[in-house]
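Asks: Model the following, please.
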Amino acid sequence: MSTALKALNDKGIPVVEYGQQILFRWGWAEVLIVVEWIVPDEYLDIASQTVSEQGFALAAKPPHEGFPWENWHKMGRFHDLDKESWSQIHLYPLTAVGLALEDTYEVLSTFDPKLRIRTPVPARYMLTMIRELVKVPLQHTNRHRIIGDLAGFIHGYIFHGPPAETQYYGEEDEAMAEAEIRSEIEGAVQFIKTWDWGHVENERYLEIAERIVRSARAMRDNLGFVTASRKSVGIHGGAYRASVKPQITYLQMDYSM
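Replies: Numbers count the residues shown, from 1 in each chain. A predicted model of the protein is given here:
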């Protein structure tokens, strides 16, 4: 990863982190398996060529499942980081995720502090996720990816929740953690109201932002589509469960609206 990013930096190609890297930055993702980088549309081909030149061969497109944005799969360039194709670099154009370069800012890379990378402005990142959350039907299996990324961001950045690997022991420990998260809901809502959201084409997106901060359940509610069955959207006991080690997180809360 470091070799590829350095080569892109050396060529002056702006690289924006996405997906697991954003969750990793805010303490949610435990390991980086798929590295997703966004580049300006006009740099996509040369970025892919540059990554190939570092020894990371262009790979066949992976199955469409897991890509909430259809144009990601169509427009992406995929490179293997290992011979088994277990770990990959995915390159996408900025327009595929609804971002512009001015919606990002420069930071130190999470996996190599000697290198710099760009990351989305939190408000703009959340807005792109909400836009897709509304667009993708509840019955669509790829909706899981949107919910997972958005909820992980809310847990890590907005609620400043504990790292993904945090362990809780006993009912009393879990009850204390749950009470702490509940007590932070109003503060979290006020926090996002201080953000500069920039241009918002539909004010309804801001209403949805508040709804999903108040309740993880809202991400399975009818935000423009017919509500699907609990099974189809991965609901257990009325609240989202993180597919990680047992813990209390924003995802597991079942707030009242």
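
Asks: Could you measure from Asp221 over to Met1?
Replies: 37 Å (C-beta to C-beta, to the nearest Å). Where C-beta positions appear, they are placed from N, C-alpha and C, glycine not excepted.

Asks: same question, Ala218
Replies: Counting by C-beta to C-beta - Ala218 and Met1 are separated by 35 Å.

Asks: Same question for Leu44.
Replies: In terms of C-beta to C-beta, Leu44 sits 18 Å off from Met1.

Asks: Closest to the centroid, which residue in the chain?
Replies: Asp149 (3.3 Å; C-alpha atoms, centre = their mean).

Asks: Okay, and that residue sits in which element?
Replies: Using DSSP states H and E, Asp149 falls within helix 143-153.

Asks: Which other helices and strands does that helix contact?
Replies: helix 20-25, helix 122-135 (3 or more C-beta pairs under 8 Å, 6 or more residues apart in numbering; DSSP states H and E).

Asks: I'd like those laid out as a markdown table, including mean neighbour count.
Replies: Below are these laid out as a markdown table (neighbours: other C-beta atoms under 10 Å):
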| stretch | mean neighbour count |
| --- | --- |
| helix 20-25 | 21 |
| helix 122-135 | 20 |
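
Asks: Figure out which of those is closest to His79.
Replies: Between His79 and the helices and strands packed on helix 143-153, the shortest gap by C-beta to C-beta is with helix 20-25, which sits at 15.5 Å.

Asks: other SSEs contacting the closest one?
Replies: Going by 3+ C-beta pairs under 8 Å, 6+ apart, helix 20-25 lies up against strand 34-39, strand 116-120, helix 143-153.

Asks: Need the CA coordinates for it. CSV is fine.
Replies: Taking C-alpha atoms only, helix 20-25 is exported to CSV below (Å, rounded to 0.1, in the frame of the first residue of the first chain):
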residue,chain,number,x,y,z
GLN,A,20,-12.4,0.9,5.4
GLN,A,21,-9.7,3.5,5.7
ILE,A,22,-12.2,6.1,6.9
LEU,A,23,-13.6,3.6,9.4
PHE,A,24,-10.1,2.7,10.5
ARG,A,25,-9.2,6.4,11.0
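
Asks: Tell me how many other residues crowd Arg214.
Replies: Here the number of neighbours of Arg214 (other C-beta atoms under 10 Å) works out to 17.

Asks: What's the separation between it and Ile158?
Replies: When Arg214 is compared with Ile158 (using C-beta to C-beta), they lie 11 Å apart.

Asks: Between the two ends of stretch 75-82, what distance do you get?
Replies: Stretch 75-82 has an end-to-end distance of 22 Å (criterion: C-alpha to C-alpha, to the nearest Å).

Asks: can you give me the mean pLDDT across that stretch?
Replies: Averaged over stretch 75-82, pLDDT sits at 87.

Asks: Mind listing what's buried along it?
Replies: Gly76, Arg77, Phe78, His79, Asp80, Leu81 (16 or more other C-beta atoms under 10 Å).

Asks: do stretch 104-120 as well
Replies: Result for stretch 104-120 [16+ other C-beta under 10 Å]: buried residues Thr104, Ser109, Thr110, Leu115, Ile117, Arg118, Thr119, Pro120.

Asks: what does stretch 88-100 give?
Replies: Quick answer for stretch 88-100 (16+ other C-beta under 10 Å): Gln88, Ile89, His90, Leu91, Tyr92, Pro93, Leu94, Ala96, Val97, Leu99.

Asks: hang on, the second one in a strand?
Replies: Yes. Secondary structure assignment (DSSP: H, G, I helix; E, B strand; the rest coil) places Ile89 inside a strand.

Asks: So it is in contact with Ala4, correct?
Replies: Yes. Taking C-beta atoms under 8 Å as the definition, Ile89 is a contact partner of Ala4 at 6.1 Å.
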